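Student: Okay, sequence plus prediction incoming.
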Amino acid sequence: MAKKPAKPVKDKTTEKPRVHKDLSGFDIEINSFGEIRSSYDIDKINAFLNRNVDDKKLRHREDLDELKKRGETPEPDEE
């Protein structure tokens, strides 16, 4: 039987994942102590998620669209 040609192995450390244009330059890693290190402030990440991700727990809120435009975090209602 003939052997299949070996596929070239890609170096995963040099290849960067595709990200949203608003998050270009975002990098996250876990150091040897288990601490999460990020190149962006957590408030900036949360504002991005509030604008771009639909939260099904907050769909009933009337002021949700207004808060998304401002980039604020809506407080969930107690039910």
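Tutor: Happy to help now that I have it. Please read these numbers as outputs of a predicted model, since none were measured by experiment.
Student: how about the helices of this protein, start to end?
Tutor: Along the chain, counting by DSSP state H, helices occupy 42-52, 64-70.
Student: What mean pLDDT does the last one get?
Tutor: The average of the pLDDT scores along helix 64-70 is 68.
Student: got it, and the first one?
Tutor: Along helix 42-52, the predicted confidence averages to a pLDDT of 87.
Student: Buried ones in it, by neighbour count?
Tutor: In terms of neighbour count (16 or more other CB atoms under 10 Å), helix 42-52 has its buried residues at 47, 48, 50. From N, CA and C alone the C-beta is placed, and that goes for glycine too.
Student: Relative to residue 39, how far out is residue 52?
Tutor: 19 Å (CB to CB, to the nearest Å).
Student: picking up where we left off before, any chance of TSV for the buried residues of helix 42-52, columns distance to residue 34?
Tutor: Output for the buried residues of helix 42-52, formatted as TSV (distance: CB to CB, whole Å):
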residue	distance to residue 34
47	26
48	25
50	27
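Student: What is the nearest of these to residue 25?
Tutor: residue 48 (12.6 Å; CB to CB).
Student: Now the closest one: closest residue in space that isn't a chain neighbour?
Tutor: residue 22 (5.8 Å; CB to CB, 6 or more residues apart in numbering).
Student: Check residue 30 too.
Tutor: residue 36 (5.7 Å).
Student: Touching, the one you found and residue 28? I think so.
Tutor: Yes. Between residue 36 and residue 28 there is a contact at 6.6 Å, judged by CB atoms under 8 Å.
Student: Residue 52 touches residue 20, doesn't it?
Tutor: Yes. Counting by CB under 8 Å, residue 20 is a contact partner of residue 52 at 7.3 Å.
Student: From residue 38, how far off is residue 30?
Tutor: 10 Å.
Student: now residue 51
Tutor: With CB to CB as the criterion, residue 51 and residue 38 are 18 Å apart.
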